[in-house]
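Colleague: sequence unavailable; structure follows:
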């Protein structure tokens, strides 16, 4: 099982950009489906985007489509979330999640993922 550590969060003005990273331990990272979720105060955890083990398949929430891009570097055991054109409503704690899965297997439900990072805060000011 991998362990996940997110980084790259911070304070940014609306319209700005941030890139989040999620570093994974373990030698089998390349066989994991990965995802990003976010949770704003008082709200449920929300799906942001996901990528399968080979980067051949990606899926995004409608709220971030065209603005956010998820990618991974299996040689570096890292998955990224590039966030552009940030909006105030993107403010949340962002979490990466993992589950062993090959092929096209992915799922936008938090319960499908069995490993989570500790989260990184993203705050977008107006």
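Modeller: The structure has been received and is ready for your questions. These numbers were taken from a predicted model, which means no experiment stands behind them.
Colleague: what does the pLDDT read for the closest residue to residue 7 other than its chain neighbours?
Modeller: Once flanking residues are discounted, residue 7 sits nearest to residue 21: 5.1 Å by Cβ to Cβ, 6 or more residues apart in numbering. For glycine as for every other residue, the C-beta is placed from the backbone atoms N, C-alpha and C. Predicted confidence (pLDDT) for residue 21: 98.
Colleague: same check on residue 43?
Modeller: 96.
Colleague: so who does it touch?
Modeller: residue 92 (Cβ atoms under 8 Å, 6 or more residues apart in numbering).
Colleague: so what sits opposite the closest residue to residue 76 other than its chain neighbours in the bridge?
Modeller: Leaving aside its sequence neighbours, residue 76 sits nearest to residue 23 (Cβ to Cβ, 6+ apart; 7.9 Å). Legend: beta-bridge partners of residue 23 under DSSP bridges are residue 5, residue 78.
Colleague: number the residues from 639 up from this point.
Modeller: Sure, I'll start numbering at 639, so the last one becomes residue 661.
Colleague: residue 661 reaches residue 642, doesn't it?
Modeller: Yes - in this structure, residue 661 is within contact of residue 642 by Cβ atoms under 8 Å, at 7.3 Å.
Colleague: give me the more crowded residue out of these two.
Modeller: residue 642 (23 against 17; other Cβ atoms under 10 Å).
Colleague: check contacts around that one.
Modeller: Per Cβ under 8 Å, 6+ apart, neighbours of residue 642: 660, 661, 662, 734, 735, 736, 753, 754, 755.
Colleague: and if we set it to 10 Å?
Modeller: For residue 642, the contact set (Cβ atoms under 10 Å, 6 or more residues apart in numbering) comprises 660-664, 667, 670, 672, 715, 717, 733-736, 753-757.
Colleague: show me how to select, in PyMOL, the buried members of the residues you listed.
Modeller: Those of those that count as buried under 16 or more other Cβ atoms under 10 Å are selected in PyMOL with:
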select buried, resi 660+661+662+667+670+672+715+717+733+734+735+736+753+754+755+757
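Colleague: report the spatially nearest residue to residue 696, omitting neighbours in sequence.
Modeller: residue 689 is the one closest to residue 696 (Cβ to Cβ, 6+ apart), at 4.9 Å.
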